[in-house]
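1. The sequence isn't on hand, but the structure is:
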Ligand SMILES: Cc1cc2nc3c(=O)[nH]c(=O)nc-3n(C[C@H](O)[C@H](O)[C@H](O)COP(=O)(O)OP(=O)(O)OC[C@H]3O[C@@H](n4cnc5c(N)ncnc54)[C@H](O)[C@@H]3O)c2cc1C
C-alpha cells in the first residue's frame with residue numbers, strides 16, 4: 001500500500017480503504033467517460049463521523065479529495081484527482097426522518113433520488129426534482145450540481161427543494177445551514193451550497209421539501225413540420241400565462257431512435273414533437289386544457305395526440321425518456337451539450353444547431369427541456385475514428401459559445417465540472433470569476449476539495465476514454 005495512505009488506514013478498516021489498482025479503476029471516470037484519472041485511494045465511510053475524519057485527514061495532509069455519489073455526472077464533476085482520495089458516499093443511504101405533516105425529509109447524501117419519492121408516496125407526497133438518472137443518482141450529487149429534470153419547469157431545480165444542509169467544509173469544520181423550516185433568517189447559505197460542485201466540502205445530511213402528488217395530468221403530444229415551429233410553440237404556451245409541469249421537444253433523429261427502441265408510436269410524418277404536460281387539481285385542469293388547446297391550434301401543428309389514460313401518458317413519456325440511450329444505437333459515442341438559451345430564442349437556436357451540425361459533418365440529435373430553454377444536443381461521433389472526438393468537442397464548444405452569445409448559459413443542470421471550465425471566463429467577467437474563487441477559498445483555503453473543476457487553468461486529468469456510461473449501456477438509465 002502507498003505510504004501516503006498509512007494515516008487513513010487507522011481511520012478505515014481494510015475493506016473500506018480501497019487501494020489496489022483493479023478496485024480503484026471502478027472510480028477513475030464518471031458519466032463523461034472521455035476523461036479518466038486513477039485516484040490514490042477510495043474510502044467508503046459508513047457514518048458521517050467517518051466522512052468528517054476523512055476530510056480532516058485530507059486537509060491536514062494536503063491530499064486532494066472528491067466526494068462521489070453514483071458517479072453519473074456528465075461534466076466530469078466526480079472525476080477523481082490523480083493522487084487524491086475519493087470519498088464514496090453510497091453507504092450513507094438512510095432516510096433519517098420523514099415528516100408528512102411538515103412535508104420534509106432528512107436524508108443522508110448517498111440516498112438515491114427516487115427512493116425519497118418512494119418513501120413519501122404512502123403519504124401522498126413526492127420529491128419534485130426528477131433527473132432522468134433519478135433511479136441511480138444521489139441526493140448529494142443533486143445538491144452539488146443543483147440538478148434538474150423534466151418537471152423542473154414548474155417546480156424549480158434541486159435548490160428550490162433543499163431547506164437545510166449539514167456539511168463538513170473542506171477545512172474540516174462542521175456547519176449547519178438552514179433547517180427544518182422554509183422561513184430562515186439571514187443569508188441563504190443552503191442556496192449557496194447548492195450548485196457548489198463539491199468545491200466547498202461534503203454534504204452530510206440534507207433536509208428536503210416534499211410536495212403533494214399532482215391530482216391529475218393532461219398530456220399532449222404535438223407534431224410539427226419543423227424544429228423551429230416546435231421551439232416557437234414553447235414561447236406561445238408560456239406567453240399565454242400557462243405554466244405546464246413539463247414541456248419537452250424531440251427532433252426527427254430522436255423520434256426515429258425512440259421509435260426503433262421502444263415503439264412509442266409517435267407521428268411518423270413529424271419533423272419535431274413537443275410534449276406538453278399540465279398537472280394539478282381537476283377543476284383547474286378542466287379550464288387550462290381548453291386554453292392549451294387554443295394556443296396549440298394557433299402554432300401550426302400537423303398532428304395532436306391527447307393521452308386518454310395513464311397507459312397512453314406513460315407511452316408518450318417512455319418515448320421521451322428512452323431517447324438518449326436509443327440515440328446511443330445510432331452512434332458508438334456521443335457528447336451531451338447542456339447549454340441554455342433564452343426561451344424566446346429557442347426556435348432560432350435550433351436552426352443554428354442544425355447549421356452547425358451540417359457544416360461540421362457531425363450528426364446532432366436534439367432532445368431537451370424546452371420550457372427552460374435547456375438544450376441537450378447529442379453530438380454523435382465514433383471515438384475509434386482518428387480526429388472524430390476532437391471534431392465533436394469543437395461542435396460542443398461552438399454550441400457553448402452560441403449559448404453565451406444569445407444571452408444564455410453554458411450549463412442548465414449538468415454543471416461546469418471538468419468539461420466546461422474553459423468557458424467560465426467567457427460567460428463571466430474577471431471580477432466575477434475572482435469573486436467565485438474567493439468564495440471557494442473561504443470554504444477551502446488549501447484547495448483540496450475537487451481541485452481542477454469549474455475554474456480554468458488548473459491541472460486536468462488526461463483525455464483517454466470514450467463511450468456510454470455503463471448504466472446506459474445496460475439500459476438502466478437514460479440521458480436527458
Ligand atoms: C443517463 C444520465 C441522465 C442524466 N439526466 C440528468 C437530468 O435529467 N438532469 C440533471 O440535472 N442531470 C442529469 N444527469 C447528470 C447526473 O445524473 C446529475 O448531475 C446527478 O445529480 C449526479 O448525481 P451523482 O450521485 O451521480 O453524483 P456524482 O456524479 O457522484 O457527483 C457529482 C458532483 O457532486 C459532488 N458530490 C457528490 N456527493 C456530494 C456530497 N455529498 N457533498 C458535496 N458534493 C458532492 C461530486 O464531487 C461531483 O462534483 C444525467 C446523467 C446520466 C448519466
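-> Done, it's in. Since the structure is predicted, the reported quantities are computational estimates derived from the model, not experimental observations. Numbers count the residues shown, from 1 in each chain.
2. tell me the SS of residue 452?
-> coil (DSSP: H, G, I helix; E, B strand; the rest coil).
3. distance of it from residue 54?
-> To residue 54, residue 452 is 19 Å away according to CB to CB, to the nearest Å. For the C-beta atoms, the positions are set from N, CA and C on the backbone; glycine is no exception.
4. And residue 92, by the same measure?
-> Distance, residue 92 to residue 54, using CB to CB: 12 Å.
5. how far is stretch 413-424 from where the chain is centred?
-> 12 Å (CA atoms, centre = their mean, to the nearest Å).
6. now check it, is it near the ligand?
-> Yes. Stretch 413-424 is in contact with the ligand by CB under 6 Å from any ligand atom, via 413, 414.
7. cool, and stretch 84-93?
-> Yes. Using CB under 6 Å from any ligand atom, stretch 84-93 comes into contact with the ligand via residue 89.
8. about what we covered before: tell me which of residue 452 and residue 54 has more neighbours.
-> Neighbour totals were compared for residue 452 and residue 54, and residue 54 leads with 26 against 23 (other CB atoms under 10 Å).
9. quick one, phi psi at that one?
-> Here is the backbone geometry of residue 54 (degrees, to the nearest 10): phi -70, psi -40.
10. Who is residue 378 paired with across the strands?
-> Bridge pairing for residue 378 (DSSP bridges) gives the partners residue 336, residue 365.
11. mind listing what it touches?
-> Contact analysis of residue 378 by CB atoms under 8 Å, 6 or more residues apart in numbering lists 254, 324, 327, 334, 335, 336, 337, 364, 365, 366, 367.
12. Just name the closest of those to the ligand, please.
-> The closest of the contacts of residue 378 to the ligand turns out to be residue 324 (CB to the nearest ligand atom; 6.2 Å).
13. what about the closest one, neighbour count?
-> Residue 324 has 24 neighbours, counted by other CB under 10 Å.
14. what bits of this structure have low per-residue confidence?
-> The chain contains residues with pLDDT under 70 at 1, 458-480.
15. and the longest helix for this protein?
-> Across the chain, the helix with the greatest residue count (assigned by DSSP state H) is helix 310-330.
16. Counting by contacts, list what that helix packs against.
-> Under the contact definition 3 or more CB pairs under 8 Å, 6 or more residues apart in numbering; DSSP states H and E, helix 310-330 sits against strand 216-224, strand 246-251, helix 252-262, strand 272-280, strand 333-336, strand 364-369, strand 377-381, helix 470-473.
17. related to what we said a few turns ago, and which of the contacts of residue 378 is nearest to residue 244?
-> Minimum distance to residue 244 across those is 17.1 Å, recorded for residue 367 (CB to CB).
18. Quick check, the closest one in contact with residue 255.
-> No. Using CB atoms under 8 Å, residue 367 is not in contact with residue 255; the gap is 9.2 Å.
19. okay, those two: which has more neighbours?
-> Legend: neighbour count by other CB under 10 Å for residue 367 and residue 255, higher for residue 367 (29 against 24).
20. List the residues that contact residue 228.
-> Contacts of residue 228 (CB under 8 Å, 6+ apart): 347, 348, 350, 351.
21. Ignoring the adjacent residues along the chain, who's closest to it?
-> Nearest non-adjacent residue to residue 228, counting by CB to CB, 6 or more residues apart in numbering: residue 347, 4.1 Å away.
22. Could you name the helices and strands sitting against whichever strand or helix holds that neighbour?
-> Per DSSP states H and E, residue 347 falls inside helix 346-360. The contact analysis (3+ CB pairs under 8 Å, 6+ apart) places helix 346-360 against helix 227-239, strand 364-369, helix 388-405.
23. For the shortest one, which outside residues touch it?
-> Spelled out, it's strand 364-369. With contact meaning CB under 8 Å, 6+ apart, strand 364-369 is reached by 148-150, 152-153, 227, 246-251, 253-254, 257, 320, 323-324, 327, 330, 334, 350, 353-354, 356-357, 374-380, 395, 412-413, 480.
24. how about 7 Å then?
-> Strand 364-369 is contacted by residues 148, 150, 153, 227, 248-251, 253-254, 257, 323-324, 327, 350, 353, 357, 374-380, 395 when judged by CB atoms under 7 Å, 6 or more residues apart in numbering.
25. now it: how far from the chain's centre is it?
-> 15 Å.
26. and if you look at the last one?
-> On the basis of CA atoms, centre = their mean, helix 388-405 sits 19 Å off its chain's mean C-alpha point.
27. How about the secondary structure of residue 419?
-> Applying three-state DSSP: residue 419 is coil.
28. which residue sits closest to it, ignoring its sequence neighbours?
-> According to CB to CB, 6+ apart, the nearest residue to residue 419 is residue 75 (4.3 Å).
29. can you check residue 454 too?
-> Using CB to CB, 6+ apart, the closest residue to residue 454 is residue 416 (4.6 Å).
30. Return the residues in contact with the one you found.
-> Residue 416 is in contact with 75, 197, 410, 424, 454, counting by CB under 7 Å, 6+ apart.
31. let's go with 8 Å and repeat that
-> Listed by CB under 8 Å, 6+ apart, the contact partners of residue 416 are 75, 197, 410, 423, 424, 453, 454.
32. Which ones among those residues map onto helices?
-> Using DSSP H, these in helices are residue 424.
33. Adding neighbour count, write the contacts of residue 416 out as CSV.
-> Shown next, in CSV, are the contacts of residue 416 (neighbours: other CB atoms under 10 Å):
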residue, neighbour count
75, 27
197, 20
410, 26
423, 20
424, 18
453, 25
454, 24
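34. so, if you compare the contacts of residue 416, which one comes nearest to residue 34?
-> Nearest to residue 34 among the contacts of residue 416, counting by CB to CB, is residue 75 at 10.8 Å.
35. In this structure that closest one contacts residue 420, no?
-> Yes. With contact defined as CB under 8 Å, residue 75 counts as touching residue 420 (6.2 Å).
36. Quick one: residues in contact with the helix holding residue 347.
-> Residues outside helix 346-360 that contact it (CB under 8 Å, 6+ apart): 227-232, 234-235, 251, 341, 363-364, 366, 370, 373, 375, 377, 391, 394-395, 398-399, 402-403, 406.
37. Next up, identify which helix or strand residue 114 is on.
-> helix 113-120.
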